[in-house]
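Chemist: here's my sequence, what's the structure:
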Amino acid sequence: MKFTPEQVIEMALEADGGFSAGHINVDALTRLCALAADRALEAAARKCDDNEFADGAECAQFIRAMKEHQ
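Modeler: Residues are numbered from 1 along each chain as shown. Next up, the predicted model:
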């Protein structure tokens, strides 16, 4: 899953700041990465739900295919 610049900015703000010009707070960056991972996993889970795969292996294959198209 690719995030738009707007989505990254939204997540950075949600990560409680720490992203000012010329300065990056490591804790805020860690929270941003966690939010991005959570959103990507949720998007994959929704795709699996929407497509009603026959089994878990089929859904896992779908998620791995999503990773390859990033």
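Chemist: what packs against the helix or strand containing residue 28?
Modeler: Under the criterion of DSSP states H and E, residue 28 resides in helix 26-51. Here helix 26-51 touches helix 5-14, strand 19-20, helix 56-68, going by 3 or more CB pairs under 8 Å, 6 or more residues apart in numbering; DSSP states H and E. (Glycine included, C-beta is placed from N, CA and C.)
Chemist: state the mean pLDDT of the longest one.
Modeler: Read that as helix 56-68. If you average the pLDDT over helix 56-68, you get 79.
Chemist: the shortest one now?
Modeler: Model confidence over strand 19-20 averages 66 on the pLDDT scale.
Chemist: the residue nearest to residue 3 when sequence neighbours are not counted and residue 52: what is the separation?
Modeler: Among residues not flanking residue 3 along the chain, residue 36 sits closest, at 6.5 Å (CB to CB, 6 or more residues apart in numbering). Distance from residue 36 to residue 52, counting by CB to CB, to the nearest Å: 27 Å.
Chemist: ok, those two, which is more surrounded?
Modeler: Just comparing residue 36 and residue 52: by other CB atoms under 10 Å the higher neighbour count belongs to residue 36, 17 against 8.
Chemist: the helix holding residue 28 vs helix 5-14, what angle?
Modeler: Angle of helix 26-51 versus helix 5-14, following axes from the mean of the first three to the mean of the last three CA atoms, to 10 degrees, is 130 degrees.
Chemist: return the distance of helix 26-51 from the chain's centre.
Modeler: Centroid displacement of helix 26-51 relative to its chain, using CA atoms, centre = their mean, to the nearest Å, is 3 Å.
Chemist: thinking again about what came up before, for the helices and strands packed on helix 26-51, give me a markdown table that also has mean neighbour count and distance to residue 32.
Modeler: Listed next are the helices and strands packed on helix 26-51 as a markdown table, based on neighbours: other CB atoms under 10 Å; distance: least, CB to CB, whole Å:
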| stretch | mean neighbour count | distance to residue 32 |
| --- | --- | --- |
| helix 5-14 | 13 | 5 |
| strand 19-20 | 12 | 8 |
| helix 56-68 | 12 | 19 |
